[in-house]
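Asks: could you look at this predicted model? Sequence included:
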Amino acid sequence: MWVKVGDMVEVTTGDDAGVKAKVKAINHAAGKLTVEGVNRVYKHVRKSQRNPQGGRLSMEMPIQMSNVAVVCSRCGKGARMAVRLVKDGSKERYCKKCGGSTGEVSPPKAARAAK
Ligand SMILES: [Zn+2]
């Protein structure tokens, strides 16, 4: 799935379905990502050096990658993303809904450039 840290994503399922927020971290090995304000849980912590107060700490937990759709910067909709070759030999990510480019994935390479 073509998602990067900092992308806007739309949560498609679960308690936070419909929420649009930024991706904070991605764990490709686990197929999970952390989205700002999504899947918040309270972690109960004891008083410690770092946390002299103790109490409840609100934090985001990673969610399954398949439960989000990247929000297209062109059409503003949650859409699937794919990658295509551009004439100059670079690769760009594009929206499968509107076909608009959402940024370069790989710099131009002469070997790939169209003649
Ligand atoms: Zn689009």
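Replies: In hand now; what should we look at?
Asks: which strand or helix spans the residue lying closest to Ser90 once chain neighbours are set aside?
Replies: Distance criterion C-beta to C-beta, 6 or more residues apart in numbering; nearest residue to Ser90, sequence neighbours excluded, is Pro108 at 4.2 Å. (Glycine included, C-beta is placed from N, CA and C.) Assessed by DSSP states H and E, Pro108 sits outside every helix and strand.
Asks: same question, Lys22
Replies: According to DSSP H and E, Lys22 maps onto strand 20-27.
Asks: give me the contact list for that strand.
Replies: The contact list for strand 20-27, computed with C-beta atoms under 8 Å, 6 or more residues apart in numbering, reads 3-11, 32-38, 60, 62, 65, 71, 78.
Asks: buried residues, that strand. List them.
Replies: By 16 or more other C-beta atoms under 10 Å, the buried positions in strand 20-27 come out as 21, 23, 26.
Asks: weed out the non-buried ones from the contacts of strand 20-27.
Replies: Buried members of those, counted by 16+ other C-beta under 10 Å: 3, 7-11, 32-35, 38, 60, 62, 65, 71, 78.
Asks: from those residues, pick out the ones that also neighbour the ion.
Replies: With C-beta under 5 Å from the ion as the criterion, those include none near the ion.
Asks: looking at the contacts of strand 20-27, which are in strands?
Replies: Counted as lying in strands by DSSP state E, out of those, are 8-11, 32-35, 60, 71, 78.
Asks: residues in contact with the residue lying closest to Ile63 once chain neighbours are set aside?
Replies: Spatial nearest neighbour of Ile63, excluding adjacent residues (C-beta to C-beta, 6+ apart): Asn39 at 5.0 Å. Asn39 is in contact with 14-16, 60-63, counting by C-beta under 8 Å, 6+ apart.
Asks: just among those, which is most surrounded?
Replies: The residue in the contacts of Asn39 with the most neighbours, by other C-beta atoms under 10 Å, is Ile63 (20 neighbours).
Asks: is any part of the lowest-mean-pLDDT helix or strand in the chain close to the ion?
Replies: Within the chain, no helix or strand scores below strand 101-106, which has a mean of 89 by mean pLDDT, DSSP states H and E. No. Judged by C-beta under 5 Å from the ion, strand 101-106 stays clear of the ion, getting no closer than 7.5 Å.
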